[in-house]
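1. model this:
(4 chains)
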Number of protein chains: 2
Amino acid sequence: MGKKEIKDAGLKVTLPRLQILEFLTNNKGKHFAAEDLYDEMKSADHDIGLATIYRVLNQFETAGLVCKHQFENTQAVYELDTGEHHDHMVDVNTGKVIEFFDSELENLQVQIAENHGFELIDHKMVLYVKKK
Amino acid sequence: MGKKEIKDAGLKVTLPRLQILEFLTNNKGKHFAAEDLYDEMKSADHDIGLATIYRVLNQFETAGLVCKHQFENTQAVYELDTGEHHDHMVDVNTGKVIEFFDSELENLQVQIAENHGFELIDHKMVLYVKKK
DNA sequence: ATGGCAATCAGAATTATTTTCATTTTAATT
DNA sequence: AATTAAAATGAAAATAATTCTGATTGCCAT
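-> Model (predicted):
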């Protein structure tokens, strides 16, 4: 149970926060829009307002508990932050999102930033692909 | 002047389109939100409605004349598509956007997609950096 | 228990963008 | 050059995603 994580984030332990965090924990690696979560919570008889979902997700994001992605769709999606960095590959035909990690790529990015006189803080990368 | 490009895109050559395209051509490599362009046009005594700006930018995008980027800000930004692919680096302190191209990176991306059984169609990458 | 402050709810507000529809402009044709 | 149909425009309304507001509720240290 996520009580500790919530407390460590400087937030009060409330039912909505626990329920949202629990759901994301049980669905590692999957992406959910705020409204998806709203529906999921409703299905589980957890009546959490949409505004609360958005608020909690933002708080969780700043706390490093979840990460937020803005793919091509207009709605942002969220997933549990497992601490293991990864990038995304989107199948343009199916819309399916594949997560991957490539250390050579990670190194190259640091290198490129350095070549321009910068320090790499973070990056975002999405590959749009299709089955060959 | 951009009459030819507009015609080739299957669009009628109108004043708003010419003025927007001319402005972007004179500002290669710079990014503008729809509202920036709206203001720019107004400053130049070209009274183009904001709806038209959005409409024309979308048409130009599908025609491959401009490309659209969604960085961290909420507003999308547009720039002239010079045909030369490049990625972006954002200075997290100044907000400044630096364009760059790295062929090693491009190759690696193709490679990664292939390793997962996919063909790379396109990609989007933003490096968040700061001065060292 | 209870008092204070943070969290929640529901709905209103905001922001970016798109759509609608009446009017104007373009470009093809006479 | 005048005619005309189709496409483009402007202004305002509509939409979509997200954030804010104000009243109420819930958490927790005393």
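
2. list the contacts for A:Asp81?
-> With contact taken as C-beta atoms under 8 Å, 6 or more residues apart in numbering or on different chains, A:Asp81 is in contact with A:64-67. From N, CA and C alone the C-beta is placed, and that goes for glycine too.

3. what domains does the record give for chain A?
-> According to automatic domain parsing, chain A comprises the domains A:3-80, A:87-129.

4. okay, those in CSV with distance to DNA strand D next?
-> Putting the domains of chain A into CSV (distance: least, C-beta to the nearest atom of the strand, whole Å) gives the following:
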stretch, distance to DNA strand D
domain A:3-80, 3
domain A:87-129, 14
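
5. so which of the contacts of A:Asp81 wins on neighbours?
-> Among these, A:Leu65 has the most neighbours (other C-beta atoms under 10 Å in any protein chain shown), with 24 neighbours.

6. wouldn't that residue be in contact with A:Asp8 here?
-> No. With contact defined as C-beta atoms under 8 Å, A:Leu65 and A:Asp8 do not form a contacting pair (9.2 Å).

7. picking up where we left off before, can you list the domains of chain A in TSV and add distance to B:Ala76?
-> Shown next, in TSV, are the domains of chain A (distance: least, C-beta to C-beta, whole Å):
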stretch	distance to B:Ala76
domain A:3-80	11
domain A:87-129	15
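
8. and these: which comes nearest B:Leu18?
-> Comparison of the domains of chain A against B:Leu18 by C-beta to C-beta identifies domain A:3-80 as nearest, at 29.8 Å.

9. would you mind telling me which of the domains of chain A is nearest B:Gln19?
-> In terms of C-beta to C-beta, the element of the domains of chain A nearest to B:Gln19 is domain A:3-80, at 28.5 Å.

10. got the buried residues for stretch A:71-82?
-> For stretch A:71-82, the neighbour count (16 or more other C-beta atoms under 10 Å in any protein chain shown) marks A:71, A:76-81 as buried.

11. and if you look at stretch A:118-132?
-> Buried, per 16+ other C-beta under 10 Å, within stretch A:118-132: A:118, A:120, A:123-129.

12. thanks again, I'm all set now.
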